[in-house]
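Student: Give me the fold of what follows.
(one chain, ligands or ions: 2)
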Amino acid sequence: MATPRLLEIRQGVLSKNDRLAAELRNRFTDSGVFVVNLLSSPGAGKTRLLEETMRRMRQHDLRVAALVGDLATDNDARRLARSGAPVRQIQTGDMCHLEAHLIERYLEGWNLNDFDVLFIENVGNLVCPTGYDLGEAARAVLLSVTEGEDKPLKYPGAFISADCVVVTKVDLAEAVEFDMRAAEANIDSVHPGVPLLYTSARTGAGLDDWIAWLDARRRQAVAETSSRG
Ligand SMILES: Nc1nc2c(ncn2[C@@H]2O[C@H](COP(=O)(O)OP(=O)(O)OP(=O)(O)O)[C@@H](O)[C@H]2O)c(=O)[nH]1
Ligand SMILES: [Mg+2]
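Tutor: Ligands and ions are numbered 1, 2, ... in the order given. Have a look, this model is predicted:
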């Protein structure tokens, strides 16, 4: 058991973001909301995947909400709000990632008990968001087939931090001569064993598997919380 002095030192070492993220994580756990942070390079298909995911989850009576980060515009929030779910846009100005204090601020006025799942779409960037914990229970990193197979090798940090990797836009794989086996080997070399999912938000391929993965993680989180009493 750590002494109070040791705890003090440990807390001092934690960055401000990490402390705030830990507080958020406790709030999310207490409220029973499962929080997913989505990371990818710009245009990999985060919003399109979320549009489909949120629509389908709502059809299954899951209460979903989303926060979405971009440097400018509220385009993505407007797209996601079409699902009928509560959505808020976070405009970061010149910041290429979301931070825990922004999540805290943009949650104000929402009752977390009203949600089963909260999605956080991070700013499109495979570098900056990686080191910023937002208190999420799961982090999904998207790799679209149009980016090329080598991105996991070039931007390993994001893939190492992932709880799952979603290969998106698989309907375009053949047209862009995407080498799926090479991509899988690259992902596995930076994060051995990470769960891989394959989706096309356009055709609907793989969406059931993705939603089943989310659901399994959510149920696991709920079970862990209730076993802690
Ligand atoms: N063919 C095809 N196009 C897709 C798919 N998913 C997304 N797109 C298209 O790819 C483009 C970018 O998709 P978005 O969902 O806006 O990507 P994003 O990651 O949210 O982009 P940022 O928020 O700007 O980083 C849009 O034109 C989408 O319609 C897919 O599965 N198949
Ligand atoms: Mg987007």
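Student: Do a quick rundown of the helices in this structure.
Tutor: The residue ranges that make up the helices of the chain, judged by DSSP state H, are 4-13, 16-31, 46-59, 75-81, 100-106, 151-154, 156-160, 180-190, 207-227.
Student: The closest residue to ligand 2 within the chain: what's it in contact with?
Tutor: Going by C-beta to the ion, ligand 2 is nearest to residue 47 of the chain, at 3.3 Å. Placement of C-beta: from N, CA and C, glycine included. Contact analysis of residue 47 by C-beta atoms under 8 Å, 6 or more residues apart in numbering lists 68, 76, 79, 80, 121.
Student: try 10 Å
Tutor: 38, 66, 68, 70, 75, 76, 77, 79, 80, 121, 124, 201 (C-beta atoms under 10 Å, 6 or more residues apart in numbering).
Student: near ligand 2 too, which of those?
Tutor: The subset of the contacts of residue 47 within reach of ligand 2, counting by C-beta under 5 Å from the ion, consists of residue 76.
Student: Show the buried residues in the contacts of residue 47.
Tutor: Taking 16 or more other C-beta atoms under 10 Å as the criterion, what is buried in the contacts of residue 47 is 38, 66, 68, 70, 76, 77, 80, 121, 124, 201.
Student: which one of those sits closest to residue 175?
Tutor: Using C-beta to C-beta, residue 201 is the member of those that lies nearest residue 175, at 16.0 Å.
Student: Disregarding flanking residues, what is the spatial nearest neighbour of that closest one?
Tutor: residue 48 (4.2 Å; C-beta to C-beta, 6 or more residues apart in numbering).
Student: Can you give me the neighbour number for that neighbour?
Tutor: A total of 19 residues lie near residue 48 under the criterion other C-beta atoms under 10 Å.
Student: count of neighbours near residue 122?
Tutor: 28.
Student: Can you tell me the closest non-neighbouring residue to it?
Tutor: residue 129 (4.3 Å).
Student: Isn't that neighbour up against residue 102?
Tutor: No - no contact is recorded between residue 129 and residue 102 when judged using C-beta atoms under 10 Å, the distance being 11.6 Å.
Student: quick one, which of those two is more surrounded?
Tutor: Legend: neighbour count by other C-beta under 10 Å for residue 129 and residue 102, higher for residue 129 (26 against 20).
Student: and that one, how far is that from ligand 1?
Tutor: The spacing between residue 129 and ligand 1, counted by C-beta to the nearest ligand atom, to the nearest Å, is 11 Å.
Student: ok, now residue 157?
Tutor: When C-beta to the nearest ligand atom is applied, the distance between residue 157 and ligand 1 equals 17 Å.
Student: Which residue comes closest to that residue once chain neighbours are left out?
Tutor: Nearest in space to residue 157, with sequence neighbours left out and distances taken as C-beta to C-beta, 6+ apart, is residue 130 at 4.3 Å.
Student: who touches that neighbour in this structure?
Tutor: When contacts are taken as C-beta under 10 Å, 6+ apart, residue 130 is in contact with 39, 97, 122, 139, 141, 155-162.
Student: Could you export the helices of the chain as JSON lines, including distance to residue 167?
Tutor: Listed next are the helices of the chain as JSON lines, based on distance: least, C-beta to C-beta, whole Å:
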{"stretch": "helix 4-13", "distance to residue 167": "36"}
{"stretch": "helix 16-31", "distance to residue 167": "27"}
{"stretch": "helix 46-59", "distance to residue 167": "11"}
{"stretch": "helix 75-81", "distance to residue 167": "21"}
{"stretch": "helix 100-106", "distance to residue 167": "27"}
{"stretch": "helix 151-154", "distance to residue 167": "10"}
{"stretch": "helix 156-160", "distance to residue 167": "12"}
{"stretch": "helix 180-190", "distance to residue 167": "7"}
{"stretch": "helix 207-227", "distance to residue 167": "11"}
